[in-house]
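>>> I'd like to go over a predicted model; first the sequence, then the structure.
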Amino acid sequence: MDMKRDYYEDIQLFQSGVVLFWTVVLLLVLFTLPLVVPNYYVYLFNIIMVHIILAVGLNILVGSTGQISLGHAGFFAIGAYGTVLMMTLFQLPFILAILIAAFIAAFFGFILGLPALRLEGPYLAIVSLGFGLTIMHVIGGVDAFGGRMGIKVPPLDLGIKQLGISWILTTDFHKYYLILIMTIIMVVGARNILKTRVGRSFVAIRDSDIAAEVIGVNLTIYKTLAFAVSAFYAGIAGGLFGFVLGFFDPFTFNMILSIIFLVMVVVGGLGTILGGIMGATLITYLQYDLLKNIAEVPYFGALMVAVSKQWFTLVGLENFSSMAIGLIMIGIIIFEPLGMFGLWIRMKKYWMTWPF
Amino acid sequence: MDHFKVENLSISFGGLKAVNNISFSVEKNSIFSIIGPNGSGKTTIFNMISGIYKPDSGRIICDGENIVGSSPDHVARKGVARTFQNIELFSNATVMDNLLLGRHIHMKTGVFAGAFMWGRGSAAAKEEIANREIVENIIDFLDLQSVRNHYVASLPYGKRKLVELGRALALEPKILLLDEPSAGMNTEEKGDLNIWIKDIQADYQVTILLIEHDMNMIMGISDRIFAMNQGEKIVEGVAAEVQCHPEVIKAYLGEDLSC
Amino acid sequence: MMFKKKMLVSVIAVWAVLCIAQAAPAAPPAGFDDNEIRIGQWGPQTGPAAPWGSVARGSKLLFDIVNEEGGINGRKIKYFIRDDMYNPAQTVGVVKELVERQGVFAFVGGVGAACGMAVKDYLAANKIPWVGPSAADQDFIQPLNPYLFAVYPLYRDEANVLAQYIVEKLNMKKVGMLYQNDAYGKDGLEGAKERLATYKMSLVAEIPVEPTEKDLASQILRLKNSGAEAVLMFVNPTAAVIALKTAANVGFKPQWISSNTLSDYPLMFKISGGLWEGVITGAFGEIPDSTHPLMVKYREAAKRLNPQERWGTFYSAGILFADPLVEALKKAGRNLSTEAVMKALNSIKDYQTIGPKINWTEKQHQGTDSVMIQKCGPNASYIQLQGWTTNDLATWKKK
Amino acid sequence: MPVGQLLVEGLAIGACYGLFATAVFWLAFVITMLFSILLGVLIEFLFLRPAKHPSILGMIVITLGAEMFLMGLASWKWGAEQKFFSLPLNPSVTYEPVKGMIINNWAIAVFAVTACIMLFLYIFFKYTKLGVAMRATQQNKHAAKIMGIRTERVFSFAWGFSSLIGAVAGMFFASRATLDPAFMMEPFLRAFAAAVLGGLMSIPGVIIGGALMGLIENFFGYYWPHWKPIIAFIVIILVLCLRPSGLFAKHYVKKV
């Protein structure tokens, strides 16, 4: 048995020709999509991609490292405000601004990681929640940040002002490509982190922190690192989100948003990259599109209107959206703890042997 | 210079002296077994060596350096690896990943290097490939090829014990602490384990500290045996000496018997 | 292997460049056709600000009435309400959806300063008129946004007029203020300070309140200890009720004065358990049980078309905000175009329905600075204290 | 884990409102109490029991999901507009035992009811069979099961009982403010934070945590009203850094 194995096989991006093929197809679709769909969907895709970056980062913390955070809207806010302020106050180019903002978010992630060293479960949830609220409140209290009135986002200039180069992206259509490329980089980066030493250490901490320690993983460094990495992702997502919106105020980053982020990760599937992507896509689509106009959904809408008139109030019909998301959250935990990723794996297994 | 030495080690938990003034010294590349009834403080000694507990007094000297007070990860970096009585594996990771985690201290890929693993030529990929090769050798050695990509949670007990052993080996330890490696194994598996431990000692040039209840195994492979009861030393010596020591027999069987 | 990968990368790169190069997003559908005019509004139907969602439903009543009467110049109004949960990210989403998928001609109402700020530029860029935002942010009108027409008096002006009333009519010297810690409350604070400065006075206490706070004991105690005779409130209904109840508990009985946001007396009277009696407020428009012919008409229509809805101030404010747009659409005639409607809107002069007189010109899109002052009498009845009063200190008029 | 179920009270109160329109207070009160118990048990039975071995995160997500569902249902039924709610207590009846310290009927009732419930809980957990079974289940579910405790019943009971207490708290809060579907969200967060501050599973801890939280908020709120909404959270973060399981609960360390 002198067969030479290729050890790169396990870590390469495309594990097989099939994966490579479908990835290429997906990329082609993603790059052509805005040309064929109405502009409104382009905006929706932008939001979805921003949420994907955040969910993938949050999944590194919640899924892979096993820490709970209910304060990610705070990092999201730091990213958004940091990028805008870097650009308006210091005239930095966009790429530099968003990176600095993300590093600031990562630094705050590190700070939040310090108490997390000793806390777990509900205790950590409360501390991170308090952190998120504090960030929201502090930003609202400082007038240089726009205070409660909110802050207007400068034009998205990819060039460097100081050199006189200017490449301003104005429409959702143009921003789409920037966000798409950023999303691909961030997602592949997250996948690589999880495939290499640091990511494995995160998983080790989640599964058995004592065993992780005795094989040489420094808990202090890696737990805070997990917070920092995940906050970095939230920071990048926040920076992009600001430009998707064009205007935001501290209330944009409220506690409900933190919960929704956590829901994305859990519904998508804990600890997997694909899970974060699927969860962010589904929840964002439901929240922003499908559940927005229940009354206009064919057949079902008419039924709901009739039900409302008979037993409930028509005025409150919109609340169906929060009920549906609540039921999805419960259903996922009960029936498919691995989330949509688990469903996906099952589906794949089913089709693999089809039609037998 | 002493290879590995424990001097006057003591620890107590809330008034109970779990380990009291224990001293021993281990030769390089030998198998040193610690025996004693349940609750006699064997695992506590291991926990102190690997830095999980901090002893009240005493020194643990590894290659001339006192490692008391170091955190567990520092101890690991000194070349001390261990397994656990009740198996502490990363159960939602594959066997491969568990073993690769054993390589943690020999790798240096950080977040950024890891994130930018674009293609075969990148530093992270090179390091991965090199370490995967080493891990594959251990997998071959322990005969784990069939479960290479399985999740640990889905493995039977005996295999998990082996994975844990493999993880400790991947660390390339100078000193290997094995806490009841044969517990829960059948006779056949125990026989294999016996051979492996011998092979490890020979192939990997490692000093082994062993906690074990299986007397046949202990007597067969140990270079020296250290017997203890209720935190105190009874006797230390080669197999024959310990086996016939009246207090050892008393501690195990509760009555006086002679050989 | 390497060759394949390079191929892949270059194909994707070329594709991407091609895509970006021929970038030309499709134009959104037109806002009207021969049979209908599409009009949209966003408003919180769920979430923390849901009680204000009735504004959007109020506008619906007006459009239903217009449609019943045969529409505008032969066209019916098709009206869309979208829930944004008071969250700017969602507001942008729903507005884009309405403009780009449904094709909307104009927007009316729209609750929330931040929500409005997030879509203001987008609407202007797409040349979509927006009439009567139900928030009074100074940034809406300064600098002039040609497509935005504000009806609502600025909070600043309102606080100004209310402070004038406190000092001149009520003869109270010690004024405290309880304000919501956001744009709404802070604008009110500015206005009150501005007016008091003209009398060489200042507020004896300025207490911020978080919108979601449920315990105001320490804030009320502080107001009490400041010796305030009158307390000006720029808060939401829940906070106002908590404030009044807490004050009653500690025996603090100042004259409460509040912004028009709290002028829904039947609601406030009910949820405060009768404590609302005697509170003085600004007002959006005519009192709900007014005998003003238009009010009678709307009230009857509401009973017929939307019996589940309570006839309250926010609901009727929805009518008030949408009124000028209907007027402008009528004036623009059968040959409808954005330009024609813009021209009609810009020439609206002294237009009064159930609110103050509204004036818009090419250069000035703040409709009014007039505030009516009312008082809550026994059994939530409305007592008019002072008719439409303009603010002589209004800063926006001077520019 | 009888913690975190205060969430259901929003709906219980909503039901309460529905009853008030037709019934006298005490009848409505009793029915509401029964309803809240039923609702708690139902949530446990429908949402938590079918989940196999949920992690802490899973429990949190299920609870949040149940909360979103019920809140949505209540808003759908009753709309978002605030409603009036009152207990048969006249809050304007005040006493002044010490100069400058005014106390009213409402506060006296809150103190009395809280004291009764806490005393009951203390006796219950310390001396009754069911109480001990609950504690045992909390500490080690499997061991408790082996000892013959029907842990599922224990969970049902915990849910029913905690939603009952939650409904009582909700009534007091609603009578002080107004009633709308989301009105307990903010107090709930603070209550949960206070429980964490004192230490979960420790009754004196929860009382002292709650008292500390209220005092910190009000004292800071008086002098620095700008920071009132977050000061309590900052204090909690600092306290938990020093005592990771709160002020009064024991910190368990895993044995290897």
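Done, it's in. Numbers count the residues shown, from 1 in each chain, chains lettered A, B, ... in the order given.
>>> okay, CA-based contacts and neighbour counts for the rest of this
OK.
>>> Can you give me the distance of residue A:317 to chain D?
6 Å (Cα to the nearest Cα, to the nearest Å).
>>> Look up how far residue A:120 lies from that residue.
Applying Cα to Cα, to the nearest Å, the value for residue A:317 to residue A:120 is 38 Å.
>>> quick one: which of those two has more around it?
Ranked by neighbour count (other Cα atoms under 10 Å in any protein chain shown), residue A:317 and residue A:120 place residue A:317 first, with 25 against 18.
>>> Once you drop chain neighbours, what's closest to that one?
Nearest-residue entry for residue A:317: residue D:76, 5.6 Å, with adjacent residues in sequence omitted and distances by Cα to Cα, 6 or more residues apart in numbering or on different chains.
>>> what's the pLDDT at the one you found?
Residue D:76 is assigned 84 on the pLDDT scale.
>>> Alpha carbons of stretch A:213-225, in CSV - could you do that?
C-alpha atoms of stretch A:213-225 as CSV (Å, rounded to 0.1, in the frame of the first residue of the first chain):
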residue,chain,number,x,y,z
GLU,A,213,-6.8,23.3,27.9
VAL,A,214,-4.7,20.2,28.4
ILE,A,215,-3.9,19.9,24.7
GLY,A,216,-2.5,23.5,24.9
VAL,A,217,-5.4,25.7,23.9
ASN,A,218,-5.3,28.9,25.9
LEU,A,219,-8.9,29.5,27.0
THR,A,220,-8.5,33.2,27.7
ILE,A,221,-7.0,33.8,24.3
TYR,A,222,-9.4,31.7,22.3
LYS,A,223,-12.6,32.6,24.0
THR,A,224,-12.0,36.3,23.6
LEU,A,225,-10.7,35.7,20.1
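>>> average pLDDT across that stretch?
The predicted model assigns stretch A:213-225 a mean pLDDT of 92.
>>> Give me the buried positions along it.
A:213-219, A:222-225 (16 or more other Cα atoms under 10 Å in any protein chain shown).
>>> Indicate the residue of chain C located nearest to chain D.
Closest to chain D within chain C is residue C:271: 3.9 Å, counting by Cα to the nearest Cα.
>>> Now do the contacts for that residue.
C:241, D:82-85, D:178 (Cα atoms under 8 Å, 6 or more residues apart in numbering or on different chains).
>>> What separation is there between it and residue D:28?
From residue C:271 to residue D:28 the distance is 19 Å (Cα to Cα).
>>> sorry, back to before: give me the pLDDT for the residue of chain C closest to chain D.
Looking at residue C:271, its pLDDT is 86.
>>> rewinding a little: present the buried residues of stretch A:213-225 as TSV; the columns should include distance to chain D and secondary structure.
Output for the buried residues of stretch A:213-225, formatted as TSV (distance: Cα to the nearest Cα, whole Å; DSSP: H, G, I helix; E, B strand; the rest coil):
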residue	distance to chain D	secondary structure
A:213	13	helix
A:214	12	helix
A:215	15	coil
A:216	17	coil
A:217	17	coil
A:218	18	coil
A:219	16	helix
A:222	18	helix
A:223	15	helix
A:224	14	helix
A:225	18	helix
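>>> Closest to residue A:139 out of the residues you listed?
Comparing these against residue A:139 with Cα to Cα picks out residue A:224 as the nearest, at 23.6 Å.
>>> Surely the closest one touches residue A:110?
Yes: with contact defined as Cα atoms under 8 Å, residue A:224 counts as touching residue A:110 (5.0 Å).
>>> Those residues of the stretch 51-200 of chain D touching chain C, which are they?
Residues of the stretch 51-200 of chain D lying near chain C by Cα under 8 Å from any Cα of the partner chain: D:75, D:80-86, D:91-94, D:102-104, D:176-178, D:182, D:186-187.
>>> Narrow the residues you listed to those that are buried.
The buried subset of these (16+ other Cα under 10 Å) comprises D:75, D:80-86, D:91-92, D:94, D:103-104, D:176-178, D:182, D:187.
>>> what residue ranges in the stretch 1-150 of chain D score low on pLDDT?
In the predicted model of the stretch 1-150 of chain D, residues D:1-24, D:90-92, D:100 satisfy pLDDT under 70.
>>> And the strands in it?
Under the criterion DSSP state E, counting those that start in this stretch, strands of the stretch 1-150 of chain D are mapped to D:94-98, D:101-104.
>>> out of the residues of the stretch 51-200 of chain D next to chain C, which touch chain A?
Of those, the ones that also sit near chain A (Cα under 8 Å from any Cα) are D:75, D:80.
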